[in-house]
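A.B. asks: One predicted model, sequence on top.
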Amino acid sequence: MFLPAYGTGGIAPGHNQFPLILSPFAIGHVELRNRFVFQPHFTALGELDGTPSKAHAAYHEERARGGVGLIIFESQAIHPTGKMSRRFVDAWDPKIIPAHRHITESVHRHGAKIFGQLTHGGHTSLEHPPHILWAPTQMPEPSSHFSTKAIDEDDIKAVIEGFAASARNLVEAGFDGIEVKVAHDGLLRSFASPYFNRRTDGYGGSFENRLRLSIEVFEAIRKAVGPAVPLGVRLCVNEFTVFGYDTEYGLQIAEYFQSSGLLDYFNSDAGSFSSYWMEIPPAAVAQDDFRKINSELKSMSRLPVIAFGRMNSPQLGEEALRNGEADLIGMARQLIADPWTPEKTLRGRADLVRRCISCNDACIHQVGQEKGVRCIQNPGAGREGQVNERLLAPITRQQSIVVIGGGPAGLKVAETAARRGHNVTLLERNSVLGGQVRYAEKQPEHANIGEVTSYLEIIAQECGVDIRRSKAGTPDSIHELRPDVVIVATGSEPNLPRTSSSDVEVSRALGRQILPDIDGLNQDFVVSCDDVLSGKVQLSGKVVVVDNNGHWEAAGTAEFLADAGCEVIVLAAHSAGNELESGTCKLFYRRAAIKNIKLRSGLTLTGIGNHTVTVTPVISGNDAIGWAKYVLMPGDEEVIAGVDWVVPVIGRRSREDLFLALKKDPRFTSVRVERVGDCVAPRLIESNIAEAFLLAQTL
């Protein structure tokens, strides 16, 4: 059985395939062992007192163990007014030095170098309401309604001194270099931007004046830490808004900065809070668009350039280096998903790299709510000290484990159990693995999600799982395998009357599951999204999609149907796709407008007639008499006529009958029977994979 190597010794065959990305590189006097860079990104792991946390230390040490050449620690505030979140580190305060020294020492112990990024949040904040926001001119960021304070000369002096003091603290704590953020958020970019900076004093009015604050910050840092400490800039090359600056202006900023002679490198960046999807691009944003930005910056720069923008494989990084697009390859989400990407590349097993799918569901979506960073594929992300794929619990006795179902949960529990040393057999009733992922990857701009189960299939086979396709798990077929443990991972199905009910007969009879109380769901022109995406039915004409899910199940199906030529209306009690990460959601709305998908919010489906759909407003002014004024009363009915098809995304039901049958079958009295994933409760991939990993640790 193959067990993936985690930091073991041996030769490094990866150098033959990836000679550039695995080659050393120097930024100033700092020698890096390879060109992999862990990009700075907010993790929401900071303590509420403004100090780095133990979770921070474990998070970065794991990436250093995984072989990265350079880590750039996330944005840290240089002044109390510059904190974008309560979870930001207070870089200006010497109290951070002991905890930071622990982080730098742990990173250095594994051969990586670490820089620290400094920023003032300026007019951007994750908090609602925020503190007083500082800006060059009193005006809100267009993505927010909170206005700002136009800072005065004393404030400017405090900013400059804050950057200098913060840099001094980081160097004392053992950081190898300093990065200043003039990037997608923060005060320095707003001073550089003609849209945000309307001042006519010495810090505005002309191009040079708009960049004066940044130059004075660089000078103050140089004076504080000396010439030997590398100093770089994370630079927004293009704001990607109708009002912001473009690439030509961004490159002019870069030229002006490098001509100062104060800098050692550039770190590419783009976007703003008003174009959030270009800061942390989801799968719908093409990788090649960012490669153009990297390449243009590199073509004019005399300084080393770190590439950014969905760099999710060593192959892509090697190609970018070979083409001269950058000098180093920045990865944030990729190294969240797989901290061991550099190590696997070095060992000649790049085929085992778990690729980030750019869903933004757990990383960006969660830190935007000031919750610790997570990953839908890596159950240990952000909690490496408690949950860690590298630190699997040893087994006391090898057991025979049978897993029923080859979706994300089933594959993850099988892979983890096999990696620990158990004998694992996985039964999948279909000819292919993947579960619902097979349907989700058919949605436009969503093909990347297939990477989740394709990786799990590869790694499960590498770990020795006996995968048997087209083999249904029944009490009889499972009993024949003489298992010690059975894990049921049979997933879920749309909770509609015309979907297969063979897996839910017992649950329905016991009253454990019920159908939605909506008339007309059993008609022939009412179909599930599973049937649409699987190709079981092909729709045309006017289609109503009902979104009671708020995620891709409805939004992606609507887009799939629009691409197939259908006239699509999406009805939602809140708003279509309201559970999606904000940048991803905005891009869906943009594509919906382009594809003429009609999005109607605040409506509840109440009935389906003869090719008609009846809806009511969720809230109205009806019957506001006495106590009833505290009850949310629906509005008057509206009938949508001429409907050819209805696709209700109104909930899923667990396929739990096999689990219930096994628990009652006397043949399995001495067998441990568990269930995992959607057959417990329908959820998102992140929850299912994390639950499967934790369950496998107990076997």
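C.D. replies: Arrived safely.

A.B. asks: Shouldn't residue 72 be within a strand?
C.D. replies: Yes. With DSSP: H, G, I helix; E, B strand; the rest coil as the criterion, residue 72 is part of a strand.

A.B. asks: That one: neighbouring residues, count only.
C.D. replies: 25 (other CB atoms under 10 Å). Where you see a C-beta, it was placed from the backbone N, CA and C, and this is true even at glycine.

A.B. asks: ok, it touching residue 36?
C.D. replies: No. Residue 72 is not in contact with residue 36 according to CB atoms under 8 Å; the separation is 11.6 Å.

A.B. asks: Could I get the average pLDDT for stretch 546-555?
C.D. replies: For stretch 546-555, the mean per-residue pLDDT is 94.

A.B. asks: contact partners of that stretch?
C.D. replies: With contacts defined as CB atoms under 8 Å, 6 or more residues apart in numbering, stretch 546-555 is touched by 440, 443, 446, 529, 545, 558, 570-574, 576-580, 588, 605, 646-651, 684.

A.B. asks: Weed out the non-buried ones from the residues you listed.
C.D. replies: 440, 443, 446, 529, 545, 558, 570-573, 576-577, 579-580, 588, 605, 646-650, 684 (16 or more other CB atoms under 10 Å).

A.B. asks: Which secondary structure elements does the longest helix anywhere in the chain sit against?
C.D. replies: Criterion DSSP state H: the longest helix present in the chain is helix 153-172. Packing contacts for helix 153-172, counted by 3 or more CB pairs under 8 Å, 6 or more residues apart in numbering; DSSP states H and E, involve helix 97-109, strand 113-119, strand 177-182, helix 212-225.

A.B. asks: Could you dump the ones you listed into CSV and include mean neighbour count and mean pLDDT?
C.D. replies: Listed next are the helices and strands packed on helix 153-172 as CSV, based on neighbours: other CB atoms under 10 Å; pLDDT from 0 to 100:
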stretch, mean neighbour count, mean pLDDT
helix 97-109, 18, 98
strand 113-119, 27, 98
strand 177-182, 28, 98
helix 212-225, 20, 98
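
A.B. asks: Relative to residue 19, which of those is closest?
C.D. replies: Nearest to residue 19, of all the helices and strands packed on helix 153-172, is strand 113-119, at 20.8 Å by CB to CB.

A.B. asks: Show me what that closest one is packed against.
C.D. replies: Applying 3+ CB pairs under 8 Å, 6+ apart, one finds that strand 113-119 contacts strand 30-32, strand 70-77, helix 97-109, helix 153-172, strand 177-182.

A.B. asks: need the next SSE after it, C-terminal direction.
C.D. replies: Of the helices and strands lying after strand 113-119 in sequence (DSSP states H and E), the nearest is strand 134-135.

A.B. asks: and the helix or strand just after that next one, how far from the chain's centre?
C.D. replies: Sequence-wise, the next helix or strand downstream of strand 134-135 (DSSP H and E) is strand 149-150. The chain centre lies 33 Å from the centre of strand 149-150; the measure is CA atoms, centre = their mean, to the nearest Å.

A.B. asks: go on, stretch 466-486?
C.D. replies: Using CA atoms, centre = their mean, the offset of stretch 466-486 from its chain centre is 35 Å.

A.B. asks: my guess is residue 419 meets residue 391, correct?
C.D. replies: No. At 11.6 Å, residue 419 does not count as touching residue 391 under the criterion of CB under 8 Å.

A.B. asks: of these two, who's got more company?
C.D. replies: Neighbour count, other CB under 10 Å: between residue 419 and residue 391, residue 419 has more, with 22 against 12.

A.B. asks: Am I right that the more buried one is in a helix?
C.D. replies: Yes. Residue 419: assigned to a helix according to three-state DSSP.
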